[in-house]
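Visitor: Quick one: sequence plus predicted model below, questions after.
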Amino acid sequence: MKKILIIEDNNSIRDNLTDLLETNNFQVFAALNGKEGINLVAAIKPDLILCDIMMYGLNGYEVKSELQKNKSDALIPFIFLTAKSEIRDVRKGMILGADDYIVKPFDNKELIDSINTRLEKSEKIAKLINSTPVNEKNELKNIKDRVLLTVNNQPKFLILSDIVSIQADANYSWIFTVTEKKFIVRKIIKEWEEFLPKKDFLRIHQSHIININHIEKIEKLSNRAFNIRMRKIKDALPVSQRYTSVIKSKVSI
């Protein structure tokens, strides 16, 4: 049974969420505020976190930022629940690493679908990590526009132009390619940023680098807010405001 942690200071909403999730066969834990929620994460290691944003004491953004400091806590699927619907709030949550953003009042089916989707994605990532041996001494080597990696303890040449995007956390990188294959290596985003040719690859987020040659569509959300849709990647990638000027200088927006 999957464990869901609710961090919500509104008693009525917290109780309704608990009833809804228990009805859908989840094991539910509830915290009355951000500090209590952080303590519960350490104690129970939930499979997913639902967190309100506007709370007394630590708000939802501060909770997520605190969890990002621990590499295992940072990987827990995290969904913001809030009554605020302005686009800047949505983007702030996503930039912090949230997996989804549900606006209150929410549809019960929408919420359950979002939870199941994030749990399935989390399980797939865990299986990939567990099934893919990682070479601790894996070095990035550019050989005639190819990168030499170690996959399943075997050397693997990956053509740089085949890389669509790279997503990284504190320890691992997920490499997405035009063949729809995914590779995992123990490299952080900064190492990729320094290695990849800047004429083709741009950092758009604290955890994402993209190959601009594989951009399918750029969606303008506001003057400094954009989503980018890439080939072979289902979900749109948000552009952090920190990197907007760089994107504008390289890509026609």
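Guide: Right, received. Where do you want to start?
Visitor: check contacts around the residue nearest to Leu237 when sequence neighbours are not counted.
Guide: In space, and not counting its chain neighbours, Leu237 is closest to Ile228: 4.9 Å by C-beta to C-beta, 6 or more residues apart in numbering. For the C-beta atoms, the positions are set from N, CA and C on the backbone; glycine is no exception. Residues counted as contacts of Ile228 (C-beta atoms under 8 Å, 6 or more residues apart in numbering) are 204, 210, 215, 217-219, 236-239, 247.
Visitor: before we move on, what about Ala168?
Guide: 174, 187-189, 192, 207-209.
Visitor: what's around Lys190, how many residues?
Guide: 10 (other C-beta atoms under 10 Å).
Visitor: can you check Lys217 too?
Guide: A count of nearby residues for Lys217, using other C-beta under 10 Å, gives 9.
Visitor: can you check Ile115 too?
Guide: Counted with other C-beta under 10 Å, Ile115 comes out at 23.
Visitor: Any regions of the stretch 151-253 of the chain where pLDDT drops low?
Guide: Scanning the stretch 151-253 of the chain for pLDDT under 70 picks out the ranges 151-155, 223-224, 252-253.
Visitor: Does anything pack onto the strand ranked longest in the chain? Which helices or strands?
Guide: Looking across the chain with DSSP state E, the single longest strand is strand 215-222. Where contact means 3 or more C-beta pairs under 8 Å, 6 or more residues apart in numbering; DSSP states H and E, strand 215-222 is packed against helix 87-95, strand 225-230.
Visitor: try it again with 10 Å
Guide: helix 87-95, strand 225-230, strand 237-239 (3 or more C-beta pairs under 10 Å, 6 or more residues apart in numbering; DSSP states H and E).
Visitor: Give me the buried stretch members for the helix or strand just after the longest one, please.
Guide: Using DSSP states H and E, the helix or strand that follows helix 87-95 in sequence is strand 100-103. Applying a neighbour-count criterion of 16 or more other C-beta atoms under 10 Å, one finds 100-102 buried in strand 100-103.
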